[in-house]
Structures are given as C-alpha cells and as structure tokens.
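Student: all I have is the shape, not the residue letters:
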C-alpha cells in the first residue's frame, strides 16, 4: 500500500516553487501530489517559494505515514456449530490490542460478554448456555497503533439459529 498525498500551497507572491520530498525527490508544481513509500514512518516535506526578485522562503513539515485503519463489524451471525459464521468478532486492522474493549449486551442492558482481546469473539453463549435468537447490542472501543485515534462504536448484532 502506498500513501498518496495532495499538497495545498498557501504561499503568495511567489513565481516559482520547489518542493522537496523525503530529502530526495523534487517537484516544481504549485500544488503537487506525491506518493510516499509503503513503509510506516516519518517523512520530511519542504516547500521553497521564490519571488520575482529571487527572494526565497522555506517551509518544512513532517508527514507521518501510518497503518491503514480498517474497522468492520458484521450485523448477523449463526452460532449453530456448523463451522460457518459461528463466532461474532469485529475485524480490525491498524489498531492496537492494548486499548481494545468489546462488549455484548442483551436488550435490557445486561452485559453478557466482554473481552479485551481482538482474537476472542462471542460464541452466542451467556454463562455457557446458548442465548436465544434475538438482537443484541455491541460496544467496541479501539485505539489506532499510533495512539492518536480512538474509535468508539455501538451497534446491533442479529443472533440467528
């Protein structure tokens, strides 16, 4: 995966521009688009704006390329032991396991399942007994790997036999 970034040039009074990406590649476009490498990390970007008198002004920033974030939560599952769709588990990518919290509640708000492991889904049981076919409420809290983004979501899951 490569990360393409479109840059916005808010300088004024310049007649020429020199962009420097990651200290190696350049562009003379006013507002270029640059594709950063797939490696997660920090990359330098500088803009040198040049006036008609030859005066130069430089502005530099650091761009952070992070993991792609994926968060998908299905809306139905069938815990009938047929080996297909028997466990309800959110699909996450780019999130840390440290701040993971996944909970299931019945329609009256009673907690029936909770885990701090993204690998542990709900098998449709409460205290070892299969729950009835019904709609249940889920709550998910996850934080991005770089710790800058907290995602909290709620929804419903159809448990169907």
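Tutor: Received, thanks. These numbers come from a predicted model, not from an experiment.
Student: which residue of the chain lies farthest from its centroid?
Tutor: Computed with C-alpha atoms, centre = their mean, the residue of the chain farthest from its C-alpha average is residue 53, at 45.4 Å.
Student: ok, the spatially most central residue of the chain - contacts?
Tutor: Nearest to the geometric centre of the chain sits residue 69, at 2.3 Å (C-alpha atoms, centre = their mean). Residue 69 makes contact with 93, 94, 95, 144, 149, 151, according to C-beta atoms under 8 Å, 6 or more residues apart in numbering. C-beta: built from backbone N, CA, C; applies to glycine.
Student: separation between it and residue 88?
Tutor: For residue 69, the distance to residue 88 equals 21 Å [C-beta to C-beta, to the nearest Å].
Student: domain map for this structure?
Tutor: 3-65, 70-159 (automatic domain parsing).
Student: now these in CSV, with mean pLDDT?
Tutor: Formatted as CSV, the domains of the chain follow (pLDDT from 0 to 100):
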stretch, mean pLDDT
domain 3-65, 92
domain 70-159, 92
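Student: give the bridge partners for residue 136, please.
Tutor: For residue 136, the beta-bridge partners are residue 157 (DSSP bridges).
Student: cool, residue 91 as well?
Tutor: Per DSSP bridges, residues listed as beta-bridge partners of residue 91: residue 72.
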